[in-house]
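Trainee: need a 3D model of the following:
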Amino acid sequence: MNNNDVTIYTASWCGFCHAAKDYLNKLGVKFTDLDVEKDPSAAQAAVSKSKQMGIPVLDIDGDIIVGFDRPKIDASLKAHSLI
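Mentor: Numbers count the residues shown, from 1 in each chain. From the prediction side, this is the model:
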């Protein structure tokens, strides 16, 4: 698995972003963390992928999940053989 399979768009003040990152770390899933406040292009990508303004946005090998939705995250990670 490489780091590009999972990307998470976050902000430092976002509690659900921290929860999602902690969860991925607990599962041992490597991910790329892009801060939408520090990187305008990351913010634009998150909105483009999710079609809305909320974070976190998880891109799991092309599956877009908005928010810390554990069942959807688990299903996508399993579907892509990441867990």
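
Trainee: for A46, pull up the helix or strand it's in.
Mentor: If you go by DSSP states H and E, A46 is part of helix 40-50.

Trainee: quick check: buried residues in that helix?
Mentor: 42-43, 45-47, 49-50 (16 or more other Cβ atoms under 10 Å). In short, each C-beta sits where N, CA and C put it, glycine included.

Trainee: could you export it as CSV, CA atoms only?
Mentor: This file holds the C-alpha atoms of helix 40-50, laid out as CSV (Å, rounded to 0.1, in the frame of the first residue of the first chain):
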residue,chain,number,x,y,z
PRO,A,40,-5.9,26.6,-0.8
SER,A,41,-5.4,24.0,-3.5
ALA,A,42,-6.3,21.2,-1.0
ALA,A,43,-9.4,23.1,0.0
GLN,A,44,-10.4,23.4,-3.7
ALA,A,45,-9.8,19.7,-4.2
ALA,A,46,-11.9,18.8,-1.2
VAL,A,47,-14.8,20.8,-2.4
SER,A,48,-14.4,19.6,-5.9
LYS,A,49,-14.4,15.9,-4.8
SER,A,50,-17.2,16.2,-2.2
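
Trainee: elements contacting that helix?
Mentor: Applying 3 or more Cβ pairs under 8 Å, 6 or more residues apart in numbering; DSSP states H and E, one finds that helix 40-50 contacts strand 6-10, strand 32-35, strand 57-60, strand 63-66.

Trainee: out of those, nearest to H80?
Mentor: strand 57-60 (6.1 Å; Cβ to Cβ).

Trainee: picking that back up, among the helices and strands packed on helix 40-50, which is the most enclosed?
Mentor: strand 57-60 (a mean of 25; mean count of other Cβ atoms under 10 Å).

Trainee: give the partner strands of that strand in its sheet and their orientations.
Mentor: Here strand 57-60 is paired, per DSSP bridges, with strand 6-10 (antiparallel), strand 63-66 (antiparallel).

Trainee: mind giving me a markdown table with the ones you listed and columns for mean pLDDT and distance to H80?
Mentor: Converted to a markdown table, these look like this (pLDDT from 0 to 100; distance: least, Cβ to Cβ, whole Å):
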| stretch | mean pLDDT | distance to H80 |
| --- | --- | --- |
| strand 6-10 | 97 | 9 |
| strand 63-66 | 97 | 7 |
